[in-house]
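Peer 1: task: produce atomic coordinates for the following.
(chains A, B, C, D, E and F)
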Protein chains: 4
Amino acid sequence: MPKIVDKEAKKRDIMHAAMEVFARKGVTKTKMIDIAEKAGIGKGTIYEYYRSKEEIFGDAFMMTYSQTEDLIGDINQSSDDPETKLRQIMESTVNAFFHGGGDFVGIMMDFWSEGIRNKDERILQIFDLNKIYQNYRTVISDILQEGITSGIFKEMNTQLTASVIIAALDGLLLQWILDRNIFDPREATEVLVNTYLDGIKK
Amino acid sequence: MPKIVDKEAKKRDIMHAAMEVFARKGVTKTKMIDIAEKAGIGKGTIYEYYRSKEEIFGDAFMMTYSQTEDLIGDINQSSDDPETKLRQIMESTVNAFFHGGGDFVGIMMDFWSEGIRNKDERILQIFDLNKIYQNYRTVISDILQEGITSGIFKEMNTQLTASVIIAALDGLLLQWILDRNIFDPREATEVLVNTYLDGIKK
Amino acid sequence: MPKIVDKEAKKRDIMHAAMEVFARKGVTKTKMIDIAEKAGIGKGTIYEYYRSKEEIFGDAFMMTYSQTEDLIGDINQSSDDPETKLRQIMESTVNAFFHGGGDFVGIMMDFWSEGIRNKDERILQIFDLNKIYQNYRTVISDILQEGITSGIFKEMNTQLTASVIIAALDGLLLQWILDRNIFDPREATEVLVNTYLDGIKK
Amino acid sequence: MPKIVDKEAKKRDIMHAAMEVFARKGVTKTKMIDIAEKAGIGKGTIYEYYRSKEEIFGDAFMMTYSQTEDLIGDINQSSDDPETKLRQIMESTVNAFFHGGGDFVGIMMDFWSEGIRNKDERILQIFDLNKIYQNYRTVISDILQEGITSGIFKEMNTQLTASVIIAALDGLLLQWILDRNIFDPREATEVLVNTYLDGIKK
DNA sequence: TATGAATGAGCATTCATTCAT
DNA sequence: TATGAATGAATGCTCATTCAT
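Peer 2: The predicted model follows:
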């Protein structure tokens, strides 16, 4: 069924084109024509693959976060010790977003922005940022608990600490989106990870 | 004689109404009529006080950040030791944004969003988020250096560490905007501040 | 009744202020606030004297044309010979509009413009440009007939010739409004009057 | 494949629809919806062909005058004697505007009106009525000079006479716009042309 | 399937007019 | 009487979406 493959590929092309424009201009200021031009197709053609701008946005969101969730899941499944897992998760999360020159990080702004506001049940089905963060928090919290149990981490409120760690990671991303020249993401992540692990370890 | 009106007060009222709506719906999706209704006035009346929606937004931005900058300046001027100053700055920054029930924090999203994208010289005059963050980074970096010199802080890359600290604070704010139920801001700040000070101190 | 006199004077002041602005910017682009500022009064005060912008415009119209009609009437009543009367009427008409530095001639544009379009019965009562021109044409036509009868003018279609003469006068005004530097109104009138009288006289 | 449309033809259709409405209501009072309805299309469609109402107006202006300028240029290039050329130019000018039942003459009012007021450099580029009239004056002045040189015209101030002739032609147009019933344009032109040529010839 | 021409709902902004003081 | 603060109807223009080809 070669047609199907083509369709999927083209849909993905459109979504990538859209992500680039979203990242640069913001979703609201992105016009369908901008996406079409970026994708090198006609304005009407987009509607052969997506029902609306919102749907493209939702797809971009899902794709971004499902990748990250898979990554985190894989790391979490591994048999490494809690410290290594935590370190790997933090580094991988940052890498996932900074990767590829950071062409898409601008879109995070809109993910967050939508995340705050969208309470529409229908949208929440495919676009529940809070649920995603909750999963993320649970994973980290569990690793922290694991570390406490095995005696390598201090006693702490694991849920709260997980929140603070995630906050720090997102904050790093946010700062870097605002100005890419202030720090090297890898170096900053290094400082961040070390600081937290220092603070957490016995 | 016409009605006597405290123009400044009314302008502030409109801005506050606008901030509430901005925070809830986002700037782009906020209609002038929404602001008017929130402020309990007619749509046209807004234009007696502001030239455009953009101007209201700029005013909201300036007000928010000038308050924070003043606060930080005051703390920085004090004769406290570096650790206390750093702790106070971090706590005050967070407090400033969480204060008042956090009714306005949603607008941060738009400040950041604009901050990424607006490269217009005219707008940058009143709306230069990067400059504001640079000041902030310098203040913190200087305090860190002060601490290193006086032997209470470890050796470190002060600019980078300052960036990471600010990132963590903004990240906390961001997480809290996304979901207010996951942590108590004060507790989280406490964890954050302690973790960082632990990591920084000799 | 001094109050009445004051009222009348102030009403005239407003109308004169309005005429200046109308002449410069055109009626549609003139804002009430422009008129108020020109008159040195508050915006609301205008409505103590006029019900609407349209009413000011109508008043300006009437004033302008009644003056001209009076002037023409006076000349026509005189016992001069037809050639002198015709010459005087042509010169006086031009003078009336060019007079005072031509500050108000720009408003003619709007009189004509309204004259074309306004078919509203209510407005036509006070603003019937066609009727005014018809009177004017009759006066000139009668003088021409008088001249024919007394043997000093050639045979001609007096109504048509009257129309052509009036057209030439208005055309001169129009050209001068468009660019005041191309000719001196008095010289041009001289050429015009001489050309026509030459053509008309036996 | 999308609908194939003769873009140029449709643009012209819109402009003609606009001219009719402009002529009837005046440019300022013409709403985009009026033009759309006249053209039998949707409001938004106009913007596929023109960027703004102002641009339609500018196009209408250019079209009207470029036709007339071409016409005059052609006549001027001919090898006819000065009297014939002058007569032809005068008659053609009048014909050009009265032609087609005079559906568009009302728009002249707005051309003149804009001509007085618009000093904006950008607009003057495409809309310089004074320059157009200056060209026109030069053409007529040159013909007059030609006639003087070849001994068939009297001595005169050619620039001034040219102005007066143009004024008379525009005046005729103006009068006819105001009331189409007062004269037959061709008859009136005949009277006008004869009167002037009589006055000019030796 | 691909396209872009066509569309109209929607919105920022203007301004004549009202009216409380 | 004089004023200017308040207002909302009106309008130019944008852009997501539709649909004829």
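
Peer 1: the domain parsing of chain A - what is it?
Peer 2: Here the domain assignment for chain A is A:1-50, A:58-200, based on automatic domain parsing.

Peer 1: tell me which of those lies nearest to chain C.
Peer 2: Nearest of the domains of chain A to chain C, taken as C-beta to the nearest C-beta: domain A:1-50 at 32.4 Å. In this view, the C-beta of every residue, glycine as well, is placed from N, C-alpha and C.

Peer 1: hang on, A:Leu71 in a strand?
Peer 2: No: counting by DSSP: H, G, I helix; E, B strand; the rest coil, one finds A:Leu71 to be helix, located in no strand.

Peer 1: around it, how many other residues sit close by?
Peer 2: Neighbour count for A:Leu71, taken as other C-beta atoms under 10 Å in any protein chain shown: 16.

Peer 1: for the closest residue to it other than its chain neighbours, grab the count of nearby residues.
Peer 2: Using C-beta to C-beta, 6 or more residues apart in numbering or on different chains and skipping the chain neighbours, the partner closest in space to A:Leu71 is A:Ser92 (5.3 Å). Residues within reach of A:Ser92, counting by other C-beta under 10 Å, total 16.

Peer 1: repeat for A:Thr138
Peer 2: Neighbour tally, A:Thr138, other C-beta under 10 Å: 14.

Peer 1: worst-scoring helix or strand of chain A, pLDDT-wise?
Peer 2: In chain A, no helix or strand scores lower on mean pLDDT, DSSP states H and E than helix A:121-126, which sits at a mean of 73.

Peer 1: run through who's touching that helix.
Peer 2: A:Glu54, A:Gly58, A:Phe61, A:Met62, A:Asn118 (C-beta atoms under 8 Å, 6 or more residues apart in numbering or on different chains).

Peer 1: and if we set it to 10 Å?
Peer 2: A:Glu54, A:Glu55, A:Phe57, A:Gly58, A:Asp59, A:Phe61, A:Met62, A:Glu114, A:Arg117, A:Asn118, A:Asn130, A:Lys131 (C-beta atoms under 10 Å, 6 or more residues apart in numbering or on different chains).

Peer 1: same question for stretch A:41-59.
Peer 2: So stretch A:41-59 is contacted by A:7-8, A:10-15, A:17-19, A:22, A:27-28, A:30-37, A:39, A:107, A:110-111, A:114, A:118, A:123, A:125-127, D:2 (C-beta under 10 Å, 6+ apart).

Peer 1: the same query, at a cut-off of 7 Å, please.
Peer 2: Contacts with stretch A:41-59, where a contact means C-beta atoms under 7 Å, 6 or more residues apart in numbering or on different chains, come from A:10-11, A:14-15, A:18, A:22, A:27, A:32-33, A:35-36, A:126-127.

Peer 1: enumerate the residues of chain A near chain B.
Peer 2: Within reach of chain B by C-beta under 7 Å from any C-beta of the partner chain, chain A has these residues: A:25-26, A:28, A:106, A:109, A:112-113, A:115-117, A:129-130, A:133, A:160-161, A:163-164, A:166-172, A:174-175, A:177-179, A:182-183, A:187-188, A:191-192, A:195-196, A:198-199.

Peer 1: residues near A:Gln159, how many?
Peer 2: Close neighbours of A:Gln159, defined as other C-beta under 10 Å, add up to 16.

Peer 1: A:Ile56 too?
Peer 2: 24.

Peer 1: confidence score at it?
Peer 2: Per-residue confidence (pLDDT) for A:Ile56: 95.

Peer 1: and the one helix or strand it maps to with DNA strand E, contact?
Peer 2: A:Ile56 belongs to helix A:53-77 when assigned by DSSP states H and E. No: Helix A:53-77 does not reach DNA strand E (C-beta under 7 Å from any atom of the strand); its nearest approach is 13.1 Å.
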